[in-house]
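# When you get a sec, could you give me coordinates for this:
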Amino acid sequence: MAGCDLCAGAQRMDRGDDPYAVARLETGFVRLHEVQYFRGYTVFAAKTCVAELHELERGERDLYLAEMSEVAHALSRAFRPRKLNYELLGNSVPHLHWHLVPRYDTDPHPRGPIWEDLSFLRNLWTGGSASTVTERDAMRTTLLQELERADVRIERAFV
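This is a model prediction of the structure:
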């Protein structure tokens with residue numbers, strides 16, 4: 001899709017120009033979110049540029065959902081959150097992608113949705129809560145190690 005931010009991001013990952021990239025799977029790209037207000041916050045974006053899940057061909061859709069579930073399981077093993085939030089939105093970026101957000105008892109609002117946490121939104125809008133390079137790379141490595149144990153085929157690791 002012309003002008004799609006996530007398609008452009010996938011191209012940056014494939015060029016090796018994304019310091020948050022973790023892996024390319026058969027149906028999508030795994031990447032840490034720049035804002036790590038919630039430690040381990042990850043995005044899983046589809047390779048195919050469609051706006052809706054039902055727009056994927058059935059076999060690709062089934063595999064994409066299976067891979068998303070495996071990414072979530074790897075994320076859970078890597079960061080040991082109390083709960084994972086799964087969000088498939090697309091209002092701002094109409095390219096199929098999941099926000100996988102680990103939630104911890106230490107969160108300022110551990111039982112509420114992330115979009116009601118004004119500190120999170122402020123960090124999201126201003127680019128705050130960025131991890132250090134060392135922290136970011138350690139999280140990428142940990143997540144990749146768990147993906148390697150998962151039931152997915154990693155086409156390319158970016159760590």
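# which ones are touching the residue lying closest to residue 98 once chain neighbours are set aside?
Among residues not flanking residue 98 along the chain, residue 44 sits closest, at 4.6 Å (C-beta to C-beta, 6 or more residues apart in numbering). To be clear about C-beta, it is placed using only N, CA and C from the backbone, and glycine gets the same treatment. In this structure, residue 44 makes contact with 28-31, 67-68, 71, 97-98, 100, judged by C-beta atoms under 8 Å, 6 or more residues apart in numbering.
# Just confirm residue 44 is within a helix.
No. Read with DSSP: H, G, I helix; E, B strand; the rest coil, residue 44 is strand and lies in no helix.
# where do the helices sit along the protein?
Taking DSSP state H to define them, one finds helices in the chain at 5-15, 58-79, 118-126, 133-149.
# follow-up on the earlier one: what's the spacing between the residue nearest to residue 98 and residue 93?
Using C-beta to C-beta, to the nearest Å, residue 44 is found at 13 Å from residue 93.
# With residue 111 instead?
On the measure of C-beta to C-beta, residue 111 and residue 93 end up 27 Å apart.
# about what we covered before: what would the helices of the chain look like in TSV with mean neighbour count, distance to residue 21 and mean pLDDT?
Shown next, in TSV, are these (neighbours: other C-beta atoms under 10 Å; distance: least, C-beta to C-beta, whole Å; pLDDT from 0 to 100):
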stretch	mean neighbour count	distance to residue 21	mean pLDDT
helix 5-15	16	4	95
helix 58-79	18	13	98
helix 118-126	14	20	88
helix 133-149	16	8	97
